[in-house]
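In: next input, structure requested:
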Amino acid sequence: MRRLITVLTLLLAIGTGFAHAADQDAFNKAVSEAYAGYRAATSYLRTGNAGLASLELASALESWGSVVLTNSDSPPVAYMNDPKFVPTLTAINATLEKALKQAEDGDAETALKTLKPVRDQIYDLRKRNGVRLYADCITELNRAIEPLYERRHNPPDLGSAYIRQQVTDESKTYEKLLKDCRAMAPEKYEDDPEFKRLFDGTLESIQSMYPAIESEDPGRVVNVLRELRSFDRIIYFRFGG
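Out: The predicted structure follows:
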């Protein structure tokens, strides 16, 4: 009898584990769907197209509303002990609602500013709960270009060995993240020709930074940065997760 109880307990635990995994997968998928609309909306808003942005925001808000409704009372296992889980979900929902109203009113610039915190909120939600997905890697990649791109308008003094090493280290950080993100990419991207061309081109661009640094010619570094920045933005808007 004791053995039977032990077996039943084990089976129940396994079943619960599968259920939690399913909940986690469903949550990740739902957040990804909302995030896709958010990402597309910010792309349209950057070009001043509030009309198309409002359509994407309406879709994002509908998907995010489902995330809030489905997960607020019963968070996925990774988030069960996070007291900020529900407040984060509801805060993002409120932000999407506000931005949608602004976009519908034709105020693309304000709507874009309103939406800016959402990406970091989603990233921070996952990070503080030990979750790292492909989309988070892309966020880290986009952040990693910032210290490099600051040199676009303030060319580095490459005559300094210290500065050359600093720029080299920043480039290596970016290159490593680029490779990590490609390895983490969803299966749906594996055979996408544009995805391959984009990541290949970005890798070639960042690797061209090293000889540019060694040449001690800041103009070469700036030229690489212009190209790299373009690649970096396209990666986010086309394949950001």
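In: let me know the secondary structure of residue 158.
Out: Look at residue 158: counting by DSSP: H, G, I helix; E, B strand; the rest coil, its state is coil.
In: tell me the mean pLDDT over stretch 128-136?
Out: For stretch 128-136, mean pLDDT rounds to 97.
In: so which residues of the protein form strands?
Out: Read by DSSP state E, the chain holds no strands at all.
In: under the pLDDT cut-off, which ranges of it? List them.
Out: 1-22 (pLDDT under 70).
In: neighbouring contacts of stretch 199-219?
Out: Stretch 199-219 has contacts (C-beta atoms under 8 Å, 6 or more residues apart in numbering) with 151, 155-159, 164, 167-168, 171, 174-175, 178-179, 182, 220-221, 223-224, 227-228, 231-232, 235. Using the backbone N, CA and C atoms, a C-beta is placed for each residue, glycine as well.
In: can you give me the end-to-end span of it?
Out: One end of stretch 199-219 sits 24 Å from the other (C-alpha to C-alpha, to the nearest Å).
In: for it, buried residues please.
Out: Across stretch 199-219, burial judged by 16 or more other C-beta atoms under 10 Å covers 199, 201, 202, 205, 206, 208, 209, 210, 212, 213, 218.
In: what of stretch 110-120?
Out: Going by neighbour count (16+ other C-beta under 10 Å), the buried part of stretch 110-120 is 110, 111, 112, 114, 115, 118, 119.
In: now the contacts of stretch 199-219: which count as buried?
Out: Applying 16+ other C-beta under 10 Å to the contacts of stretch 199-219 flags 151, 156, 158, 164, 167, 171, 174-175, 178, 182, 220-221, 224, 227-228, 231-232, 235 as buried.
In: could you pull up phi and psi at the closest residue to residue 86 other than its chain neighbours?
Out: In space, and not counting its chain neighbours, residue 86 is closest to residue 72: 5.1 Å by C-beta to C-beta, 6 or more residues apart in numbering. Taking degrees, to the nearest 10, you get phi -60, psi -40 for the backbone angles of residue 72.
In: list the contacts of residue 72.
Out: Each residue near residue 72 by C-beta under 8 Å, 6+ apart is listed here: 86, 89, 90.
In: distance of the first one from residue 60?
Out: I take that to be residue 86. 19 Å (C-beta to C-beta, to the nearest Å).
In: in terms of packing, which of those two has more residues around it?
Out: Set residue 86 next to residue 60 and count neighbours by other C-beta atoms under 10 Å: residue 60 wins out with 26 against 15.
In: care to break the protein down by domain?
Out: 2-127, 134-239 (automatic domain parsing).
In: so who does residue 110 touch?
Out: Applying C-beta under 8 Å, 6+ apart, we find residue 110 in contact with residue 102.
In: what's the answer for residue 125, then?
Out: Contacts for residue 125 (C-beta under 8 Å, 6+ apart) come out as 79, 82, 84, 85, 88.
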